[in-house]
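Visitor: Give me a 3D structure for the following:
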Amino acid sequence: STLSSSSAASDVYKRQYLSNGTILNQFRLMDNQTDNMYPDGVDCFGPASTNANPNGYTRLAIAGHMAYGSGAYRGFVFLRNSSFQIIEDIAFQHPTSSGTTTEFKRAIFDTSSATDANGTGTKIIVTGFRGGGITTGSSNLWVASLTTGSGTGIQSPLAVNWQKEITASPFGSSADMAVDGSGNIYLCGYVYNWSLGPIPQIYKLNSSGVIQWQKKIQVTNWSYARCITYDSSGNVYIGGQYANNSWLMKLDSSGSTVWQREIDGIKSGAQNQEIVLKGIKINSKGDIILSGSLRSFFCSLMGKAAKS
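Guide: This next block holds a predicted model:
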């Protein structure tokens, strides 16, 4: 979560919960930080936490962005242990200009090259966008692989293994990412078009950052791809939104469409409900689990609208 007040910059808090909802641990990630900070993604490495073993995970990776300069942001990655103590905290700015923006949306542990149960050799995959910013200028989709230290387990220092910037004209961003057991990376996001608005884009990259295939999804005007996952057969599932409805799509391992369906918002009288998908997972039975929000709009007889 991000907490802010009129007298202080935003502070980033992370909380760990037991299965019964009790807060086990809470930590302010950057005390005395003067710039606003926004966490956008978190991933854990290690066995799951339980009531009997509350500190089950061994590493926590947090990605987001922090304000700096004049209207620009740096992307950050925090690597912490199970007690939230610092392993390494790093921040990235645009490589050619200090006045442009870098924002990280997701960080995922890639264990495809790990050599032991402690995660030695694990990489951290980070995605987001770099450039002038979504509202202030050109920006490109961006993904990078970070190596971890040479000691046992997931240690510092973090170093860029490779990075790839995917041109988006005039601008675009990734929204979500998944990494499979072979290190293949699945990205969803959008590229903006001045006539049509945002157009969903899906990418598959191999473990070296080489694009294997990419797919533009022309659902309708002003459409977003918001969440992505995969199954054991290499099929890819994407959830997105347009207008008041959401859409769900399945692609095969080559990026071809298997099926696509619409999830309608509910319209009843003057009430219009908007479905916004934000999360997608596949369980062991092959069921698709979705999460998101439902927003209701109410219109009065005077034609004025209020949103709840």
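
Visitor: Which other helices and strands does the host helix or strand of Gln241 contact?
Guide: When secondary structure is defined by DSSP states H and E, Gln241 falls within strand 236-242. Counting contacts by 3 or more CB pairs under 8 Å, 6 or more residues apart in numbering; DSSP states H and E, strand 236-242 packs against strand 185-193, strand 197-205, strand 223-230, strand 245-251, strand 271-282, strand 288-299. C-beta: built from backbone N, CA, C; applies to glycine.

Visitor: If we use 6 Å, what do you get?
Guide: Judged by 3 or more CB pairs under 6 Å, 6 or more residues apart in numbering; DSSP states H and E, the packing partners of strand 236-242 are strand 223-230, strand 245-251, strand 271-282.

Visitor: Just the mean pLDDT for it, thanks.
Guide: For strand 236-242, mean pLDDT is 91.

Visitor: which residues touch that strand?
Guide: The set of residues external to strand 236-242 that reach it, using CB atoms under 6 Å, 6 or more residues apart in numbering, is 186, 188, 200, 202, 219-220, 223-230, 247-251, 276-277, 280.

Visitor: filter those to the buried ones?
Guide: Buried residues within these, defined by neighbour count using 16 or more other CB atoms under 10 Å: 186, 188, 200, 202, 219, 223-230, 247-251, 276-277, 280.

Visitor: Need the helices and strands packed on strand 236-242 in TSV (columns: distance to Met177 and mean pLDDT).
Guide: As requested, these are arranged in TSV below (distance: least, CB to CB, whole Å; pLDDT from 0 to 100):
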stretch	distance to Met177	mean pLDDT
strand 223-230	7	92
strand 245-251	15	90
strand 271-282	12	81
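
Visitor: Using a markdown table, lay out these together with distance to Thr127.
Guide: As requested, the helices and strands packed on strand 236-242 are arranged in a markdown table below (distance: least, CB to CB, whole Å):
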| stretch | distance to Thr127 |
| --- | --- |
| strand 223-230 | 11 |
| strand 245-251 | 18 |
| strand 271-282 | 16 |
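
Visitor: of all those strands, which lies closest to Arg80?
Guide: Between Arg80 and these, the tightest spacing by CB to CB is seen for strand 271-282, at 22.6 Å.

Visitor: Could you list the low-confidence segments of the stretch 51-200 of the chain?
Guide: By pLDDT under 70, the low-scoring segments of the stretch 51-200 of the chain are 51-56, 69-71, 93-100, 132-138, 170.

Visitor: Tell me which stretches of it form strands.
Guide: Using DSSP state E, counting those that start in this stretch, the strands found in the stretch 51-200 of the chain span residues 59-68, 72-80, 86-92, 101-110, 123-131, 139-147, 159-166, 172-179, 185-193, 197-205.
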